[in-house]
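A.B. asks: 3D model of this:
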Amino acid sequence: MEEQTNEKELFLSIFAQKVQREGKAAFLEWLERTDFFTAPASSQFHCAFPGGLLHHSLTVYQVMMEKHFDPKSDNEESFALCGLLHDLCKAQFYKVSMRNVKNEQTGQWEKKPFYQVEDLFPYGHGEKSVFLIERFIRLKPAEAAAIRWHMGGFDEAVKGGSMALSGAFEKYPLAVKLHLSDLEASYLRESR
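C.D. replies: Modelled structure (predicted):
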């Protein structure tokens, strides 16, 4: 719980320092009314624990800044918006349910909590994050494309045959940097 509090303070500090766009205050007020700061990042994979979404968002931002930020060509505000908010679609997305699991030591069935997807607004993954952000803060085209395509080849549109990902990666280096940072955070830095 204390770690979640510290991570929330870090998130809010980075956001306050780096993001200067109109709509920022209204966005943060709305964000406080969601479960963004306490939600998991997944139902069973990376950061599937309370506060996992916040932890993952901070990790992606940190990887972006450490590995991919070039002060000559990149913008710190864009990196903060993309790194911190790329998975905003996961707020209000999971609910805690119960299932029976057999205790191997006792042989008894026990109720155990697990995260279940409850998508109240099925709008896609990256595109849903863009939609939610833009209700308050106007994104630049590179930022919107980066957030939209941050899943890379895992995106459902790509799996369905869309070629738009390669166009976005070619046109917007920020999209490539966000995708690579998301991969590194998920598969190399966060325990699975």
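
A.B. asks: If I look at Glu3, what pLDDT would I see?
C.D. replies: As predicted, Glu3 sits at a pLDDT of 69.

A.B. asks: cool, and Gly160?
C.D. replies: Gly160 carries a pLDDT value of 88.

A.B. asks: Next: the one 3 residues further on.
C.D. replies: Met163 carries a pLDDT value of 91.

A.B. asks: Next one: it relative to Phe169, how far apart?
C.D. replies: 11 Å (C-beta to C-beta, to the nearest Å). (Glycine included, C-beta is placed from N, CA and C.)

A.B. asks: what's the answer for Leu85, then?
C.D. replies: 19 Å.

A.B. asks: between the two, who's got more neighbours?
C.D. replies: Set side by side, Leu85 and Phe169 show more neighbours around Leu85, with 26 against 18, by other C-beta atoms under 10 Å.

A.B. asks: can you map out the helices along the protein?
C.D. replies: Shown for the chain, the helices assigned by DSSP state H span residues 2-18, 24-32, 52-63, 76-85, 126-134, 141-148, 156-159, 164-171, 173-184.

A.B. asks: and those helices, which one's lowest on average pLDDT?
C.D. replies: Looking across the helices of the chain, the weakest by mean pLDDT turns out to be helix 156-159, at a mean of 86.
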